[in-house]
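> Curious how this folds, go ahead:
(2 chains)
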Number of protein chains: 2
Amino acid sequence: MKALTALVVLLAAVLAARAAIQKETIEYRHADTVLEGFLAHDDSVKGPRPAVLIVHQWKGLTDYEKRRAEMLAQLGYIAFAVDIYGKGIRPADPAEAGAEAGKYKRDRELLRARAIAGLETLRKHKNCDPIRIAAIGYCFGGTTVIELARSGAAVAGVVSFHGGLDSPKPEDGRNIKCKVLALHGADDPFVPGKDLAAFEAEMRNAQVDWRLVKYGGAVHSFKNWNAKGGMNGAEYNERAEKRSWEDMKQFLAEIFK
Amino acid sequence: MKALTALVVLLAAVLAARAAIQKETIEYRHADTVLEGFLAHDDSVKGPRPAVLIVHQWKGLTDYEKRRAEMLAQLGYIAFAVDIYGKGIRPADPAEAGAEAGKYKRDRELLRARAIAGLETLRKHKNCDPIRIAAIGYCFGGTTVIELARSGAAVAGVVSFHGGLDSPKPEDGRNIKCKVLALHGADDPFVPGKDLAAFEAEMRNAQVDWRLVKYGGAVHSFKNWNAKGGMNGAEYNERAEKRSWEDMKQFLAEIFK
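As a prediction, the model looks like this:
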C-alpha cells in the first residue's frame, strides 16, 4: 500500500512536469493557396516524438480541432490541426459548410493534396518523428484521413471519427500502406449501410489492416461537444466520445510502439 | 527522467507483489446435473473484488479457458471458468462438439439456466464483489454470455469473442440490463451477415448499451491459440487476439469503475 501511494505521488509529479503546452498558428501553402493550421506540443519534452495530424469538420478549422490538438499534446504527441479549405475560409452555417466540403468530396485528388500539404508541414517540424505520424479526423476530416491513406501517404495509421466512408475509386484501397481505424455511430443516418459495406469490401479486397467500431446509440458527430440539440441525426454522445477516445489512444499506442 | 525510472521500478515491485494466483476446481450443480468449473484469483489481495465469468467453446471447459481465468486473475479479478455441459463431458472431436453445443443452442432456456448456475456460484464466493460481475465467452461461450444477458441476469456487462450472435427470440433483447460488447472477426464465415444485422437490430430496438468491433482479416476462433492450420474459416490471429484483449480490458475498466 505504501508503494502504491508513492507510485501515485510520483505519477502526479511526472504529469505536472509535462503540462507546458506550446501553441502556435502556422501558415503554409498548397500550390498558390495559403493555408493556416494550428500546432500544439509539450515544450517541456525535448526532441522528436510521435505526431498526430488532425483534420477538421465541414466548417473548417475551428476551436474544436484546436482543443483536440491540445488534448493530444497533453498525451505527449505533437499535434497539427490542418486547414483544408484555405486561410480565412471558415463557413458559418450548414449550407455554406456543405457547399465547401462538397468541393473536396467531389475532387478527391485536391482533397488528398491539401491533406498531404499539411502532413509534410508537420513532418518537417523539428519535434516531429517523421516516421511515426498518424492522421485523425472528424466527419469531413474522417473522410479526408481515409482518402489520405488511399493516396498511399507515408503515415503509420489513420482514425476516422464519424467520417463518411464512401469512395469514388474503391480500387485505391490497394494503395493503403497504413493501419485504418473507423469509429462509427451505429445509428448515424449520414453514412448509409451501402457505404459501410463498400468500405468493408474495399478494406478486405485490399488486405488492409483495418478495424471498425460501431457505438450503439450514437449518431453523426458523436464526438462534437458543440453538436447539442442541433441538426437531426447529429448529436454529441458522451459515452461514445469517451469510448472512442480510449479506442484512439489504444490505436496510437499500438502503431507508435 | 529520474522520476520516470523510479516510477518504473516501483511499478515492477507493485506488480511482483500481486503474483500469487490461487487456482481451484469447483463442483456445483444445476438441478440434478453436476458441473465442474475452475476458479482463479490472486491470493495476495484480500476481500471482494470485481469478477469475471468465463464460458467455454464448443469442446467444453478446457485448459484454454483455465489459462484465460489465470490471465484475468493476474489482472486483479476473480475469474470463474464455468461448465455448461456437465462434469466429464468434454467432446474430443468437432462432430461430438457440434452435437453437444447444438443441444444448448436449440434449448436456450437450458443454456441460460446452466450459465446462471455458474454465475450464482461465483457470486457467492467470499472474494467476489456480487454487484461487479462481467461474463465473457469464446465462440459457443460468446453466444452463451449474450444469452445470459437476454435472460435479464444481474451482470454489469458481457463480452462475446467470435460468438454466434443469432437469437431465436429477438424480443428478449428487451430483458438486457447490462452493457454488451461483441468482438467479431470481420471475415468470420460462421457468423452470417444476416445474424450480424439481426443482432444490431435487436440491440438497437431494445436500446441496449452495446458496441461491436470488427477486426479486419480475422476469421472465427481468432482468440484461440490452439486453432492453427485446422478447420477452414477458424484460425488464431495474433493481431486480433491482442487488440480484442485490450478492448475487453477497457470495457471491464469502464463497467467496474
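> Break down the stretch 51-200 of chain A into its helices, ranges please.
A:63-74, A:94-106, A:108-123, A:140-150, A:193-205 (DSSP state H, counting those that start in this stretch).
> could I get these as JSON lines with mean neighbour count and mean pLDDT?
Backbone N, C-alpha and C define where each C-beta goes, glycine included. Output for the helices of the stretch 51-200 of chain A, formatted as JSON lines (neighbours: other Cβ atoms under 10 Å in any protein chain shown; pLDDT from 0 to 100):
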{"stretch": "helix A:63-74", "mean neighbour count": "20", "mean pLDDT": "98"}
{"stretch": "helix A:94-106", "mean neighbour count": "15", "mean pLDDT": "97"}
{"stretch": "helix A:108-123", "mean neighbour count": "20", "mean pLDDT": "98"}
{"stretch": "helix A:140-150", "mean neighbour count": "27", "mean pLDDT": "98"}
{"stretch": "helix A:193-205", "mean neighbour count": "16", "mean pLDDT": "97"}
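> Out of those, the one nearest B:Y104 is which?
Closest to B:Y104 of the helices of the stretch 51-200 of chain A is helix A:193-205 (Cβ to Cβ; 31.0 Å).
> Next secondary structure after the closest one?
Next helix or strand after helix A:193-205 toward the C-terminus (DSSP states H and E): strand A:210-215.
> and the angle from that next one to strand B:210-215?
Interaxial angle, strand A:210-215 versus strand B:210-215 (axes from the mean of the first three to the mean of the last three Cα atoms, to 10 degrees): 180 degrees.
> helices or strands next to strand A:210-215 in the packing?
strand A:179-185, helix A:193-205, helix A:238-255, strand B:210-215 (3 or more Cβ pairs under 8 Å, 6 or more residues apart in numbering or on different chains; DSSP states H and E).
> Out of the ones you listed, the one nearest B:D187 is which?
Of the helices and strands packed on strand A:210-215, nearest to B:D187 by Cβ to Cβ is helix A:193-205, at 6.8 Å.
> Show me what the closest one is in contact with.
A:164-167, A:170, A:173-174, A:180, A:182, A:184, A:208, A:210, A:212, B:186-187, B:214, B:216-217 (Cβ atoms under 8 Å, 6 or more residues apart in numbering or on different chains).
> returning to that earlier point: which one, of the helices of the stretch 51-200 of chain A, ends up nearest to B:A153?
helix A:193-205 (31.6 Å).
> any weak-confidence spans in chain A?
In the predicted model, chain A carries pLDDT under 70 at residues A:1-19, A:230.
> got the residues of the stretch 101-250 of chain A near chain B?
Neighbours of chain B within the stretch 101-250 of chain A, by Cβ under 8 Å from any Cβ of the partner chain: A:180, A:186-187, A:200, A:203-204, A:207-217, A:239, A:243, A:246-247, A:250.
> The same query, at a cut-off of 6 Å, please.
Listed as neighbours of chain B in the stretch 101-250 of chain A under the rule Cβ under 6 Å from any Cβ of the partner chain: A:203, A:210-216, A:246, A:250.
> coming back round to it: with distance to B:N226 as new columns, can the helices of the stretch 51-200 of chain A be given to me in CSV?
Formatted as CSV, the entries for those read as follows, by distance: least, Cβ to Cβ, whole Å:
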stretch, distance to B:N226
helix A:63-74, 40
helix A:94-106, 47
helix A:108-123, 43
helix A:140-150, 34
helix A:193-205, 26
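> coming back round to it: for PyMOL, what selects the buried ones among the contacts of helix A:193-205?
Selection of buried members from these for PyMOL, criterion 16 or more other Cβ atoms under 10 Å in any protein chain shown:
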select buried, (chain A and resi 164+165+166+167+170+173+180+182+184+208+210+212) or (chain B and resi 186+187+214+216+217)
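> what's near enough to touch the residue nearest to A:G163 when sequence neighbours are not counted?
Nearest residue to A:G163 in three dimensions, chain neighbours excluded: A:G142, at 1.7 Å (Cβ to Cβ, 6 or more residues apart in numbering or on different chains). Going by Cβ atoms under 6 Å, 6 or more residues apart in numbering or on different chains, A:G142 touches A:160-161, A:163.
> swap in A:W225?
A:Y236.
> How about A:V155?
A:133, A:135, A:178.
> most surrounded residue in these?
Most neighbours among the contacts of A:V155, by other Cβ atoms under 10 Å in any protein chain shown: A:A135, with 29 neighbours.
> For it, list each beta-bridge partner.
A:L53, A:V158 (DSSP bridges).
> So it sits against A:A156, correct?
No - the criterion here is Cβ atoms under 6 Å, and A:A135 misses it with A:A156 at 9.1 Å.
> quick one on the thing from earlier: against A:D166, how distant is the residue nearest to A:G163?
11 Å (Cβ to Cβ, to the nearest Å).
> nearest to chain B, of the contacts of A:G142?
For the contacts of A:G142, the closest approach to chain B (Cβ to the nearest Cβ) belongs to A:S160, at 13.8 Å.
> and that closest one, how many neighbours?
28.
> Now do the nearest residue to it once chain neighbours are set aside against B:G233, distance only.
Computed as Cβ to Cβ, 6+ apart, the closest residue to A:S160 that is not its neighbour in sequence is A:G142, at 3.2 Å. For A:G142, the distance to B:G233 equals 32 Å [Cβ to Cβ].
> do A:S244 as well
As for A:S244, its distance to B:G233 is 30 Å (criterion: Cβ to Cβ).
> Then A:G102?
For A:G102 relative to B:G233 (Cβ to Cβ), the value is 42 Å.
> before we move on, what about A:E202?
Distance of A:E202 to B:G233, computed by Cβ to Cβ: 22 Å.
> Does stretch A:69-87 reach chain B?
No - shown here: stretch A:69-87 not in contact with chain B (Cβ under 6 Å from any Cβ), separated by at least 12.0 Å.
> how deep is A:K59 tucked in, by neighbour count?
Neighbours around A:K59, by other Cβ under 10 Å: 23.
> Contacts only, for the closest residue to it other than its chain neighbours.
Excluding the flanking residues, the one nearest A:K59 by Cβ to Cβ, 6+ apart is A:A97, at 4.8 Å. Contacts were defined as Cβ under 6 Å, 6+ apart; by that measure A:A97 touches A:58-59, A:91.
> let's see it at 10 Å
Contact analysis of A:A97 by Cβ atoms under 10 Å, 6 or more residues apart in numbering or on different chains lists A:57-60, A:85, A:90-91, A:139-140.
> Over to A:V191?
So A:V191 contacts A:142-143, A:162-166, A:182, A:184-185, A:199, A:219-220 (Cβ under 10 Å, 6+ apart).
> likewise A:A92?
Going by Cβ under 10 Å, 6+ apart, the list of residues near A:A92 reads A:59-60.
> And it, its phi and psi?
Taking degrees, to the nearest 10, you get phi -90, psi -30 for the backbone angles of A:A92.
> Next: A:F38.
phi -140, psi 130.
> Quick check, it in contact with A:F80.
Yes - contact criterion Cβ atoms under 10 Å: A:F38 and A:F80 qualify, at 7.4 Å.
> of these two, who's got more company?
A:F80 (28 against 24).
> Now for A:R150: which residues touch it?
Contacts of A:R150 (Cβ under 10 Å, 6+ apart): A:108, A:112, A:158, A:167, A:169-176, A:180, A:202, A:206, A:208.
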